[in-house]
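*Asks:* Sequence and predicted structure, then a few things I'm wondering about:
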Amino acid sequence: MDLRGRLVNSLWAFRLLLAVPAAIMLGNFLMHGRGWGQLIDQSGEWAIRLLILTLAITPLRLLMKQLGFGPHWPMWLFKRRRSLGLAAFLYASLHASAYLIRQANLNVVLFDLRFAEYLTGWIAFLGMLLLAAASNDDAVHRLGLWWKMLQRLAYVAMIAAAVHWYVIRQDHAAFWLHILPLAVLEAYRVWYNFARPAGLKH
Ligand code: HEM
């Protein structure tokens, strides 16, 4: 296999790629004096972007199957799902940590929780935390059927994060640009699983 092929197939190269936005935002914060606000915004945006990509993998694989792609790319996506989900959680952790350090006061943090935009942020974070904790092979085996149920938390986290973003921002252009493709893919998944004509079933 040539170098390009090796890089495309390497899980470590993929993980390194996922770390690039964090390196850039932390570099800007530490070396170029960009404030907490920018770090919070950028890490939040990457957290939701990666969560969306994680959720998009299943409908994308169904679409590829229906379009007659071979097994390679659906499997390529499947093998990267866990790394994407974990990266989403790590960006969310950076986001939450930057927020907590900026507030620097537990009373203010608790006060903020009364507002929908903060409560939904914490609900999304908690969901992602539980998913990350149950993402290793050991947990998959120990939890058995419960593990599948637990995966539904990803949708709870997604909806909570989307509400958090929608309410916290006045300008919704970026919001729709991120959310609409996932909504279309999810609608396709529901159609594929429940309403697909018999002729298209294989
Ligand atoms: C842990 C609890 C959380 C808190 C306290 C929190 C707090 C915040 C704050 C203070 C902002 C910036 C608002 C501003 O600039 O005016 C923000 C923005 C944002 N947060 Fe969170 N957040 C939390 C969790 C999350 C999670 C889990 C996600 C995604 C999975 C997320 C995604 C976002 C997004 C996308 C933005 C807007 C960024 C932008 O428009 O540039 N947040 N959040």
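*Replies:* Great, that's in hand.

*Asks:* Count the residues that sit near residue 44.
*Replies:* Number of residues near residue 44 (other Cβ atoms under 10 Å) recorded here: 24. Heads up, the C-betas are built off the backbone N, CA and C, glycines and all.

*Asks:* what helices or strands is the host helix or strand of it leaning on?
*Replies:* Per DSSP states H and E: residue 44 is located in helix 36-66. When contacts are defined as 3 or more Cβ pairs under 8 Å, 6 or more residues apart in numbering; DSSP states H and E, helix 36-66 packs onto helix 11-31, helix 72-103, helix 153-168, helix 173-190.

*Asks:* need these in a markdown table with mean neighbour count, mean pLDDT and distance to residue 4, can you?
*Replies:* Converted to a markdown table, the helices and strands packed on helix 36-66 look like this (neighbours: other Cβ atoms under 10 Å; pLDDT from 0 to 100; distance: least, Cβ to Cβ, whole Å):
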| stretch | mean neighbour count | mean pLDDT | distance to residue 4 |
| --- | --- | --- | --- |
| helix 11-31 | 13 | 96 | 11 |
| helix 72-103 | 18 | 96 | 14 |
| helix 153-168 | 19 | 97 | 32 |
| helix 173-190 | 13 | 97 | 27 |
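
*Asks:* Relative to residue 137, which of those is closest?
*Replies:* helix 72-103 (9.7 Å; Cβ to Cβ).

*Asks:* So what's the gap between the closest one and the chain middle?
*Replies:* Chain-centre distance of helix 72-103: 6 Å, with Cα atoms, centre = their mean, to the nearest Å.
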